[in-house]
Each structure stands twice: as C-alpha cells, then as structure tokens.
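Asker: need a structure here:
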Amino acid sequence: MYKKFTYSRLLFTLFSLFTFIGMATAQKGTIKGTVSDVEGPLIGASVVISGTSQGSVTDIDGTYDIIVDPGTYTIE
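Answerer: I've put the predicted structure just below:
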C-alpha cells in the first residue's frame, strides 16, 4: 500500500511539474532576424532590445534569437 501511494504521488508531482513548465514556456515569444551589410552577414554583432539589457549576439550566419514576453519591442 505504501509503495502504491508513493508511486501515485510521484506521478502526480511529475505531471504537475511538466504542466507548469509547459504553461510557462508557452507564454514566451521569439524575435529572430539576420544582421548583414553589402558584404554579407555580420558575425558577432550585438542586438539589444531598446531600454533593456536583454539581447543576443549574431552567429556565423548573422542570425540571432531573443526569447521575450509577448509585446512590441524596438531592436538596436
């Protein structure tokens, strides 16, 4: 009886945890883009959301991803 209770409690805890994580990540969005000039993609360029310290650095293809809450943002 004790093992069954513990197993059920563990399953409930894991289910609750995964549900909470799913809900928390579902409320985020991603800003994606590419930074380039006439010569091609810019590697290592800083991309920052205006008025914050949140941002990213471009990769070898000049692309970046920033995970944000839903809203309107200005990128620098």
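Asker: name the element the residue nearest to the spatial centre of the chain belongs to?
Answerer: Closest to where the C-alpha atoms of the chain average out (C-alpha atoms, centre = their mean) is Ile67, at 3.7 Å. Secondary structure from DSSP states H and E places Ile67 in strand 63-68.
Asker: quick one: strands adjacent to that strand?
Answerer: Using DSSP bridges, strand 63-68 pairs in its sheet with strand 29-34 (antiparallel).
Asker: helix, strand, or coil at Phe20?
Answerer: The three-state label given to Phe20 by DSSP: H, G, I helix; E, B strand; the rest coil is helix.
Asker: poorly predicted segments of the chain, please.
Answerer: Flagging of the chain using pLDDT under 70 yields the residue ranges 1-5, 17, 21-26.
Asker: cutoff 50 now
Answerer: Counting by pLDDT under 50, the chain shows low-confidence ranges at 1.
Asker: need the helices for it, in chain order.
Answerer: Ranges of helices in the chain, per DSSP state H, are 2-26.
Asker: before we move on, back to that, what distance do you get for the residue nearest to the centre of the chain to Glu76?
Answerer: Separation of Ile67 from Glu76 (C-beta to C-beta, to the nearest Å) stands at 17 Å. Glycine gets a C-beta too; all of them are placed from N, C-alpha and C.
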